[in-house]
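Novice: Generate coordinates for the sequence data below:
(2 chains)
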Amino acid sequence: MSLRRAIRLTLLAGLLACGVVAAKEPKTGTLSPTVIRDLYYGDVLFYFYQDDYFNALTRLRAAQAKHRVAHHADEAELLLGGLYLSYGQHLEGGAIFERLLKADAPQSVRNRAWFYLGKVWYQRGYSVQAENALRKVEGELPPRLEAEKRNLLAQVLIQQSRYDDAIALLNGWRGPPDWTAFAQFNLGVALVRKGRLSDAAAMLNAVGNLDTADEELLALRDKANLALGYAYLQAEQPESAKPILQRVRLQGPQSNKALLGVGWAESSEERYRDALVPWMELHGRNLLDAAVQESYLAVPFAFAKLNANSQAAEYYTTAIRSYSEEAARIDESIAAIKGGRLLDTLATHDRDGRYGWFWQLENLPNAPESRYLYHLLAGHEFQEGLKSYRDLGFMQRNLEEWDRSLEAFGDMIDTRRTAYDERLPKIDASLARQDPEALAQTRVELESRLNAAERAGDFTALGTAREQEMWATIQALEDALAAQPDDASLNPMRDKVRLLRGVLYWQMNEGYKARIWTTRRSLKELDVALKQMEKRWLLVQQARRNFPSDTDAFAVRVAALRPRIEALGTRLAAAGRAQGEYLASVAVGELETQKERLASYQLQARFALATIYDRAANTEGKP
Amino acid sequence: MNRGGAWVTALSAVLIAALGVTTSRAQDAEPAAAGSAEPAQASGEFQSLDQEVQALKKEVVELNKDLFVLEEELLFPANTQVAVFVSLDVGSFFAVDSVTLKLDDKEVANYLYTARESEALLRGGVHRMYLGNLKVGEHELVAFFTGKGPHERDYKRGATLNFEKGIGAKYLELQISDRVRKQQPEFVVKEWE
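Specialist: Residues are numbered from 1 along each chain as shown, chains lettered A, B, ... in the order given. So this is what the prediction gives:
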């Protein structure tokens, strides 16, 4: 039986579940519509469409094991690949795709699969696999995907410091306007890193002068201006850097760095008063930001250059104190992370119960350390590590639940055994009372009696019990009368008996055919009932015989699963600890770097302050 | 040119960060677009942990499969198993709110669908709403569903099915369909072998 409904189950749909495609993405290049032909395939889809990948995976594997998705064997494999991918098992998912995509999937579907695989691998930092997958895309994807693919590949190349390859890939490429801007930006960065500043400037200027109201492009514009401005500063061209950095929005996320850079450009040209304008603005901002931290050195530096030594000393003193306070706060955060607080906070922060591959920590918890780790927490590697940490916790809880269930299964098996032992005597007694063979024999005898009566035309044999009783009485009376002497006084009685005999004879003779038919029908009904009885008899016998071995088989399975749960539970716990320790060590490492930077700033501030005091002392000492 | 003292050397940290930015939409979607370099080649430790986690996941999925199958075979042996599935086959939007099942005049399941589940049905998912045991022989299934159709219109419909439970597992599908009467969702009950 099949459903009429056509489901547009596609590989794309599988990958849509990864959350990497905008919902508006046109659904071109899909596999042909699929009709649900196995209910259990639909059951898997029910969980898959809810992004409940773990449940969908478990059910799909179970359905495959029980041969319940036979009509969808190929699609099921494809879906399995998508689910592994969705559940973060990109190596397993990738292997399935590699195997399946060699086959007869349409090229457009293959291309999309490679694209998404490449994207997932890129995000997990597997750049070699990412590049291989992206390069397997043949021909061109739909324009927007093609644009994204090209940019992804460029980023993979830049990651590997293969700037010439990245430049060759992006140079002269044009796609949709927004993606063209991203490509120009990435190209500009590759050119800067290659030391081709004037070529880079053309690209970054194009992006840096974008006329747009789109927030994403505005952010990109800021980044382009910042990158170019700093590239000029590094190339000791402060006069070129300043107007570029001034294009960065004052309130955007790049604004702190831009202000610092503008100040630096001014100061490089010895316009310290002008440099103080952006630096003082920066000085009033949040000290968590590295650029703000640096402004605490920059401001007194400019004052010193302007010979305003007392202000310079005052600001250096403030800087030293602020750095100390900040370092102390970082120490507290390091202690908190080492005590496991960061992961606890992060783990409790998100309780939506979903453990998918594309889970993202959307909002940072309001803990002091998360503010220091803003960039780190948002990075791919940390996010992926965090997902693994959560998944490990989820799997541990999952196995704990199963462990409790297994205990219940064990109890159930014991109860069944007890019930079986209790019921067995009754069952045996009941089985002993009923003998299907004897019943079948009786039925055979009944049929032969009927046949004999029919052959002999013995309609009396089919009379009712009452009729047969009456017939016997009449025969007894006739016999009795026959034994009497031929006495006329008995004639009236003989006439009566004859009449009665005639009436009964007529009665039985008239119903004879109908009775034959009814009896034959009853025999047929008896056949059916006997067959059913035999079947049930066999089933009961079978159940009686198999029950102990079936129950033992279940008990063996339960017993075999227990150690697997225990062993995996132990390994999950160990992996969870390792993952937690790794994340904590990365976080602590990041904080230590920040602390070292603060310490270095503090040292410089102390040194500068000492220099000012020395200079002042020397000045005072002079006649 | 004197760039103005020791602190300038420290500035290079910010400078390098600023130059380290490549960008794509995927990265911009994250909170820390500013200053975040592109994902570096993942560290060896990260990858080794990642691969270990993947291997563990695979084993946990396989173990879950075995446990899932054991649970079903133990609690619902094939001889007595009956499973009721709910699906949607509607041309226009229809959101299922709830489905109630009665077997032989006894309520055995009452399921309230979340918006997410309802959406999954609409996309082609099939929900195994009930799994139970029944004796061989004649049985009666009565089902009701409630839901919302186009223009916020409320629907409540019911259906009855008399079926024969044989020795193997019995699958029944309750399909909510609007193809029988246009734009009017109805139950279509199907028996699967």
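
Novice: for stretch B:140-159, what is the average pLDDT?
Specialist: Averaging pLDDT along stretch B:140-159 gives 90.

Novice: Flag every buried residue along the longest helix seen in chain B.
Specialist: Ranked by residue count and defined by DSSP state H, the top helix of chain B is helix B:44-75. For helix B:44-75, the neighbour count (16 or more other Cβ atoms under 10 Å in any protein chain shown) marks B:46, B:49-50, B:52-54, B:56-74 as buried. All C-beta atoms are positioned from the backbone trio N, CA, C, and that covers glycine.

Novice: How about stretch B:168-188?
Specialist: B:169-179, B:185-188.

Novice: Rank those by pLDDT and give me only the lowest.
Specialist: Pick the lowest pLDDT in the buried residues of stretch B:168-188 and you get B:Arg179, at 73.

Novice: Ramachandran angles for the nearest residue to it once chain neighbours are set aside?
Specialist: Nearest residue to B:Arg179 in three dimensions, chain neighbours excluded: B:Asp89, at 6.5 Å (Cβ to Cβ, 6 or more residues apart in numbering or on different chains). The phi/psi pair for B:Asp89 (degrees, to the nearest 10) reads phi -140, psi 70.

Novice: Any idea what B:Asp89 is bridged to?
Specialist: Assessed by DSSP bridges, B:Asp89 has beta-bridge partners B:Ser177.

Novice: Near chain A, list only the ones from the buried residues of helix B:44-75.
Specialist: B:46, B:49-50, B:52-54, B:56-74 (Cβ under 8 Å from any Cβ of the partner chain).

Novice: picking that back up, and the residue nearest to B:Arg179, how many neighbours does it have?
Specialist: For B:Asp89, the count of nearby residues is 21 (other Cβ atoms under 10 Å in any protein chain shown).

Novice: All the strands of chain B, residue numbers only.
Specialist: For chain B, the strands defined by DSSP state E cover B:81-89, B:95-103, B:106-112, B:127-133, B:137-148, B:154-165, B:170-181, B:184-192.

Novice: Would you format those strands as TSV with distance to A:Leu197 included?
Specialist: Below are those laid out as TSV (distance: least, Cβ to Cβ, whole Å):
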stretch	distance to A:Leu197
strand B:81-89	61
strand B:95-103	59
strand B:106-112	64
strand B:127-133	61
strand B:137-148	62
strand B:154-165	68
strand B:170-181	65
strand B:184-192	67
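
Novice: Out of those strands, which one sits most buried?
Specialist: strand B:81-89 (a mean of 22; mean count of other Cβ atoms under 10 Å in any protein chain shown).

Novice: now the angle from that one to strand B:106-112?
Specialist: On the basis of axes from the mean of the first three to the mean of the last three Cα atoms, to 10 degrees, strand B:81-89 is oriented at 40 degrees to strand B:106-112.

Novice: what about dumping the CA coordinates of strand B:81-89 to CSV?
Specialist: This file holds the C-alpha atoms of strand B:81-89, laid out as CSV (Å, rounded to 0.1, in the frame of the first residue of the first chain):
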residue,chain,number,x,y,z
GLN,B,81,1.9,-5.6,18.4
VAL,B,82,-0.4,-2.9,17.0
ALA,B,83,1.0,0.5,16.0
VAL,B,84,-1.1,3.5,15.1
PHE,B,85,0.5,6.2,13.0
VAL,B,86,-0.7,9.7,12.3
SER,B,87,0.1,11.6,9.0
LEU,B,88,-1.1,14.6,7.1
ASP,B,89,-2.1,14.7,3.5
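
Novice: C-alpha coordinates for stretch A:256-266, CSV please?
Specialist: This file holds the C-alpha atoms of stretch A:256-266, laid out as CSV (Å, rounded to 0.1, in the frame of the first residue of the first chain):
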residue,chain,number,x,y,z
ASN,A,256,37.7,51.4,19.1
LYS,A,257,40.4,50.1,16.9
ALA,A,258,39.8,52.9,14.4
LEU,A,259,40.0,55.6,17.0
LEU,A,260,43.3,54.1,18.2
GLY,A,261,44.6,54.0,14.6
VAL,A,262,43.6,57.6,13.9
GLY,A,263,45.4,58.8,17.0
TRP,A,264,48.4,56.8,15.9
ALA,A,265,48.3,58.3,12.4
GLU,A,266,48.2,61.8,13.9
